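Novice: sequence unknown, structure follows:
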């Protein structure tokens, strides 16, 4: 059984906006969400990096999460629920969840959510409490809050999605792999609706210190807005970001039967492993190339149909070049006609939530026929021969396609290919 899968709802809370409309507006305008971390632990631990992309609107302030709910969720779970609720509302269902919505069967509504790290704040706060105050002072909800699957569980329980609630943990490819899982669930007939996405809230002194020790982070502390600079010859590492994003995916017949607005089709996905190095990508980009080819073949998309790529483009010296090689290999002479956006230049790197956010932006690019910005590109690396979008640009009319790339530590490669409707 194989069914066409479409996108009917979008949700996001990001460093450049507390919802999808604001995030999209700022992505077109080239607004940076990278700021100085105003926390005492930066100086307390003498961290060499003091910048990050924090969410523009706190979860409770978004109006989609109560204070009581927030106390029972790790920050990553809070962001997941905020994004999922916006996506559900945006999809236009008649009820607040799958149980109340007349058009939904809760048993055929599923969740596929990704995270790279999970409840790191809960875990490390609990360790501090144990050491300083003893086990009697630990929160009873510590384990449920720190579990990586707690985000998917929270979304499932809140939206009464009883089909399944599955978690993908594949570093920075996590939420794009969640889209792959969602696509399989709907195509196979196991679900009619899937809430798919990802979230991360790991701007913590331990993770920043650890990434900094790897020399993976930008140390451009004196100029936060200019620190994330994919493809620029002066790039010196990625910038940590936090946030969540979600997409409502449905079988086409289910969406049309309820008269839903359709943003785009999730036409195909590709997933592979480099089996090369725990942190560095394969310099020849063999896995990334194969994954791109697989996603296009899975969606029945020719390379010439692709007009836009939301690139993984983290702004690391070793990461940006292999991805550009993969794009050149897949698109060949057509590469110059593909508008490439590197939106981490504005949002920073959301780790396990990055793929979901960039999928949302890719869907909006097709829907509005507009490619978002890449900022801070002043001196393009001569090794990178791509048409990078530095000012928001119109995309062609007609039947077009776009892809969103995600690559993660461990050699995880994931690509989602979307088609206009």
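Specialist: Okay, I see it. All figures in this text were calculated on a predicted structure; none of them were measured in a lab.
Novice: other residues contacting stretch 321-333?
Specialist: 231, 281-285, 288-289, 292-293, 296, 303, 306, 309, 311-313, 335, 338, 340, 381, 383-386, 405, 407 (Cβ atoms under 8 Å, 6 or more residues apart in numbering). (Each C-beta comes from the backbone N, C-alpha and C, glycine too.)
Novice: show me those that map onto strands.
Specialist: 306, 309, 340, 405, 407 (DSSP state E).
Novice: neighbours of the third one, how many?
Specialist: To tie it back to what came earlier, the one meant is residue 340. 23 (other Cβ atoms under 10 Å).
Novice: and it, what does it touch?
Specialist: If you count contacts by Cβ under 8 Å, 6+ apart, then residue 340 has 308, 309, 311, 313, 327, 374, 386, 387, 388, 389 around it.
Novice: pLDDT wise, what is the first one at?
Specialist: Read that as residue 308. On pLDDT, residue 308 comes in at 98.
Novice: pretty sure it sits against residue 396.
Specialist: No. The pair residue 308 and residue 396 fails to qualify as a contact (Cβ atoms under 8 Å) at a distance of 9.5 Å.
Novice: between the two, who's got more neighbours?
Specialist: residue 308 (26 against 12).
Novice: so the closest residue to the more buried one other than its chain neighbours is in which element?
Specialist: Nearest residue to residue 308, sequence neighbours excluded (Cβ to Cβ, 6 or more residues apart in numbering): residue 402, at 3.9 Å. Per DSSP states H and E: residue 402 is located in strand 401-408.
Novice: for that strand, what is the distance to the chain centroid?
Specialist: Per Cα atoms, centre = their mean, to the nearest Å, the displacement of strand 401-408 from the mean C-alpha position of its chain is 10 Å.
Novice: ok so, going back, possible to save the ones in strands among the contacts of stretch 321-333 as JSON lines with distance to residue 217?
Specialist: Shown next, in JSON lines, are those (distance: Cβ to Cβ, whole Å):
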{"residue": "306", "distance to residue 217": "31"}
{"residue": "309", "distance to residue 217": "25"}
{"residue": "340", "distance to residue 217": "23"}
{"residue": "405", "distance to residue 217": "21"}
{"residue": "407", "distance to residue 217": "17"}
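Novice: look up phi and psi at residue 196.
Specialist: phi -120, psi 140 (degrees, to the nearest 10).
Novice: can you get me a residue count around the nearest residue to it once chain neighbours are set aside?
Specialist: Sequence neighbours aside, residue 182 is the residue nearest to residue 196 in space, at 3.9 Å (criterion: Cβ to Cβ, 6+ apart). Residue 182 has 29 neighbours, counted by other Cβ under 10 Å.
Novice: SS state for residue 182?
Specialist: The three-state assignment at residue 182 reads helix, by DSSP: H, G, I helix; E, B strand; the rest coil.
Novice: which ones are touching it?
Specialist: So residue 182 contacts 5, 110, 112, 191, 194, 196, 249, 266 (Cβ under 8 Å, 6+ apart).
Novice: now with 7 Å?
Specialist: Shown in contact with residue 182 (Cβ atoms under 7 Å, 6 or more residues apart in numbering): 112, 194, 196, 249.
Novice: ditto for residue 252
Specialist: Neighbouring residues of residue 252 by Cβ under 7 Å, 6+ apart: 3, 4, 6.
Novice: closest one of the residues you listed to residue 60?
Specialist: For these, the residue nearest residue 60 by Cβ to Cβ is residue 6; the value is 32.2 Å.
Novice: let's see if you can find the most crowded of the ones in strands among the contacts of stretch 321-333.
Specialist: residue 407 (33 neighbours).
Novice: with residue 361 as the reference, measure out to that one.
Specialist: 17 Å (Cβ to Cβ, to the nearest Å).
Novice: show me the beta-bridge partners of the residue nearest to residue 308.
Specialist: For residue 402, the beta-bridge partners are residue 308, residue 418 (DSSP bridges).
Novice: for it, what are its contacts?
Specialist: Here residue 402 is in contact with 306, 307, 308, 309, 362, 365, 366, 418 (Cβ under 7 Å, 6+ apart).
Novice: separation between it and residue 154?
Specialist: From residue 402 to residue 154 the distance is 30 Å (Cβ to Cβ).
Novice: check residue 173 too.
Specialist: From residue 173 to residue 154 the distance is 22 Å (Cβ to Cβ).
Novice: comparing these two, which residue is more hemmed in?
Specialist: residue 173 (33 against 26).
Novice: residue 183: neighbour count?
Specialist: By the criterion of other Cβ under 10 Å, residue 183 has 23 neighbours.
Novice: for residue 123, that is, sorry about that
Specialist: By other Cβ under 10 Å, the residues close to residue 123 number 18.
Novice: isn't residue 420 up against residue 397?
Specialist: No. In this structure, residue 420 is not within contact of residue 397 by Cβ atoms under 7 Å, at 9.2 Å.
Novice: which phi and psi does residue 271 have?
Specialist: Torsion angles, degrees, to the nearest 10, at residue 271: phi -140, psi 140.
Novice: who touches it in this structure?
Specialist: 177, 180, 291, 413, 414.
Novice: among these, who's most crowded?
Specialist: residue 413 (32 neighbours).
Novice: thank you, goodbye.
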